[in-house]
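A.B. asks: Just need the structure, nothing else, for what follows:
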Amino acid sequence: MALLPIDRQRPTSLERGQRIAVVDLGTNVFGLVVGTLDPDGVPQWFHRADIEVGLAKDGFGNLSPATLQRAERALQKHTNDAIEHGATVLFGYGTSALRQWPNAESWLQDCGLRLSNQEHQGRRIPCELCTISGEKEAETIRYGLQACGLLDQGPVLINDIGGGSVECVLCWKDSVFLAVSLPLGMRKLLRDFPVHINPTADPTQPRNPYLRAFEGCYASLRAVFESKLGAALMAHRPLHIVGTAGPYETLARWAQAYQPESKQITRSLCQAFGQAATQTLPHPHPSLHPLSTDAIVHASALMLALCDTAQGIPFVVTDLSLREGALLTHFHHTTRPA
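C.D. replies: Just a heads-up that it's a prediction; the model follows:
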């Protein structure tokens, strides 16, 4: 596991039991985790929080002053939460939207300095912020799942759906057969396959706007996944898809409510999830919240396209993702004996 950018530039020595905070500076949401490794090397999580920021509201590659104000307010709140939960340092990693903004690194450095000087409850903590490449993002997610024992049974396909990009890692324990970051996040799919609603149309008809968006999105993604992943999936057949956080947690909640006796999330359940999203089932379930209906349509199309590319294998859902992987990576490279 290679160093994260912050560890490479300014190594921070950590001790097991020391609490640290990591923020995933995502395209839609800034997600915080506070955690540590206990003396036996077992991860412990003390606090998680998500704040919607919407970096892509101005489009990709351009962040307005209003967007930057929202982003810094969210980081101020996360820094205060980190202090309240005992963190001694905060690391933040910018993903797709920040990667594409030319001024990201200078803004993140300045913002980190301001946050480091911000006092809360009589304390302040150093805050280190930078962007992370798509490839490093994928590898960091994989490392977090491996460290938590989720990659021990055989090859798996890890999938993380973000607002600006989608990470796919085909791996087994330390062996990585394929790791790609694709510019297919929810914001981009919503832009490329918009839902045009006719208020006089019958939503149960086959050509309702949600179904049209689903079909277009599915066909496009199926072709991309076949091109980028198909050969590797044939060579290293995974046991299941590991879906990390975000839309996959919505899928898991829906599946539990729709078919509580099911022991795993199968392709048929994923397909039913898509049907619910496009309103072809009679009663869309309230567990579809908190994703908007449009986002559910596109997320379910992506999940089904990926599942079909992988020959219909089932899903396993975890709440671990980039932030947990980054936290464990920091400890892996910088821990002193307790």
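
A.B. asks: Look at residue 108 and say how many residues are nearby.
C.D. replies: 23 (other C-beta atoms under 10 Å). C-beta: built from backbone N, CA, C; applies to glycine.

A.B. asks: Now for it: which residues touch it?
C.D. replies: 92, 94, 98, 129-131 (C-beta atoms under 8 Å, 6 or more residues apart in numbering).

A.B. asks: what pairs with whichever strand or helix holds residue 180, and is each one parallel or antiparallel?
C.D. replies: According to DSSP states H and E, residue 180 maps onto strand 175-182. Strand pairing for strand 175-182, using DSSP bridges, gives strand 166-172 (antiparallel).

A.B. asks: in the strand it pairs with, what counts as buried?
C.D. replies: 166-172 (16 or more other C-beta atoms under 10 Å).

A.B. asks: can you check stretch 76-86 too?
C.D. replies: 76, 78-83, 85.

A.B. asks: ok, so of those residues, who is nearest residue 213?
C.D. replies: residue 78 (33.2 Å; C-beta to C-beta).

A.B. asks: Please list the outside residues in contact with the strand or helix carrying the closest one.
C.D. replies: Using DSSP H and E, residue 78 sits within helix 65-84. Contacts of helix 65-84 with the rest of the structure, by C-beta under 8 Å, 6+ apart, involve 21, 23, 25, 30, 32, 34, 47, 49, 51, 53-55, 57-58, 63, 90, 92, 107, 111, 114-115, 118, 120-121, 123-125, 127, 129.

A.B. asks: ok, the buried residues of strand 166-172 vs residue 275, which is closest?
C.D. replies: residue 166 (22.1 Å).

A.B. asks: Need the per-residue pLDDT for that closest one.
C.D. replies: pLDDT, residue 166: 96.

A.B. asks: List the contacts of it.
C.D. replies: Residue 166 is in contact with 159-160, 181-182, 184-185, 302, counting by C-beta under 8 Å, 6+ apart.

A.B. asks: so of those residues, which ones are in strands?
C.D. replies: Residues from the contacts of residue 166 lying in strands, with DSSP state E as the criterion: 159-160, 181-182.

A.B. asks: Including neighbour count, distance to residue 321 and pLDDT, could these go into TSV?
C.D. replies: TSV is the format used below for the ones in strands among the contacts of residue 166 (neighbours: other C-beta atoms under 10 Å; distance: C-beta to C-beta, whole Å; pLDDT from 0 to 100):
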residue	neighbour count	distance to residue 321	pLDDT
159	25	11	97
160	27	6	96
181	24	14	94
182	17	16	95
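
A.B. asks: Among these, which one lies nearest to residue 312?
C.D. replies: residue 159 (14.7 Å).

A.B. asks: okay but that closest one is in contact with residue 171, surely?
C.D. replies: No: counting by C-beta atoms under 8 Å, residue 159 stays clear of residue 171, with 11.9 Å between them.

A.B. asks: Contacts for the helix or strand containing residue 269 next, please.
C.D. replies: Assigned by DSSP H and E, residue 269 belongs to helix 267-277. Helix 267-277 is contacted from outside by 210, 214, 251, 254-255, 258-259, 262, 281, 284-285, 288, 293, 296-297, 299-301, 303-304, 307-308, 312-315, using C-beta under 8 Å, 6+ apart.

A.B. asks: can you pull out the helices in the chain?
C.D. replies: Here the chain has its helices, by DSSP state H, at 5-9, 65-84, 96-99, 104-116, 134-147, 186-192, 209-235, 246-258, 267-277, 293-309, 322-334.

A.B. asks: quick one: low-confidence parts of the stretch 101-250 of the chain?
C.D. replies: Where the stretch 101-250 of the chain drops to pLDDT under 70, the residues are 197-207.

A.B. asks: which of the contacts of helix 65-84 are buried?
C.D. replies: 21, 23, 25, 30, 32, 34, 47, 49, 51, 53, 55, 58, 63, 90, 92, 107, 111, 115, 118, 125, 127, 129.
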